[in-house]
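1. Okay, here's the prediction I keep looking at, along with the sequence it came from:
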Amino acid sequence: MREVFSRVEEKSLINIEVDLDASDFKEENPWLLSVFIKYDGISQELDGYEEFLETKESLIIALEHNDSAVYVGGRVVDGWSELYFYAPESKELSSLVSKILTPTNYAYESNVVRDTKWNFYEVQLSPSELELHHIQSAKIIFLLEEEGDDLSIAREVEHYAVFDTSTQKERFIESALDIGFGFKDDIANDEYEHGVALTKIHMPREEELSKILEELYELIKKEHGFYEGWSTTLANDTDEENDEEENS
């Protein structure tokens, strides 16, 4: 499954696409193929965006044909779209790339190196635990937008965390209350008995959620716990509940 996210490296924003299931093919594919195409393939408003996507997918299909390679992800850095593949053999990869890209108008470069442990994939493409939460958060925001929600309306948002011990949980709750969270309820799952649901009033916008999530994540990791995501209601649903309370 391909996912997209961003990270900052040396004060530069890096846009990343990664196949989270690619590591299933790790053992049989020790060769890393890198293909750099001179095109900023992020903004859909750029001229030739659809043409670039067609070229990109054509290259992926050509390299994955007959299991010659597996596409694991890409990055957009300084106007270059970087595409990465792992392959069982190094031969013929460059000629396959040339066959697809030479007829196009794109400037490109490619190279092949041995990366048996998939270090590049793990370090440069794989999302961290926090980045995975940002990915999931973006999906929830997308679903809210699909329902026609007004994300500029602040409402109660629940955040969940679990811990190995009750002491860790209580210390975390105390720290979270100090920075404006409210206690909602104790929770548990099949793996962790000591969990908590906290609440905070804020807008479910990406920028605000990212800031709140990172602040909360730091407190959770201080107590060696795990963030379990967030949830909220549609703004319209919240308004209807308030109207019902006022009329009751």
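-> Yep, that arrived.

2. For the helix or strand in which Trp230 is found, give the mean pLDDT please.
-> Applying DSSP states H and E as the criterion places Trp230 in strand 226-232. The average pLDDT for strand 226-232 rounds to 96.

3. what does that strand contact?
-> Contacts of strand 226-232 with the rest of the structure, by CB atoms under 8 Å, 6 or more residues apart in numbering, involve 133, 136-137, 140, 144, 155-163, 189, 192, 195, 204, 209, 213, 216-217, 220. Any C-beta I mention is one placed from the backbone N, CA and C, and that applies to glycine too.

4. got the domain boundaries for this structure?
-> What the record gives for the chain is the domain set 2-125, 129-247, from automatic domain parsing.

5. hmm, back to that, any buried residues in the strand holding Trp230, and which?
-> Within strand 226-232, the residues that count as buried by 16 or more other CB atoms under 10 Å are 226-228, 230, 232.

6. now it: how far from the chain's centre is it?
-> For strand 226-232, the separation from the chain centroid amounts to 15 Å (computed by CA atoms, centre = their mean, to the nearest Å).

7. What of stretch 200-214?
-> Computed by CA atoms, centre = their mean, the separation of stretch 200-214 from the middle of its chain amounts to 16 Å.

8. how close does Gly182 get to Val196?
-> Computed as CB to CB, to the nearest Å, the Gly182 to Val196 distance reads 11 Å.

9. higher neighbour count, those two?
-> Set side by side, Gly182 and Val196 show more neighbours around Val196, with 24 against 13, by other CB atoms under 10 Å.
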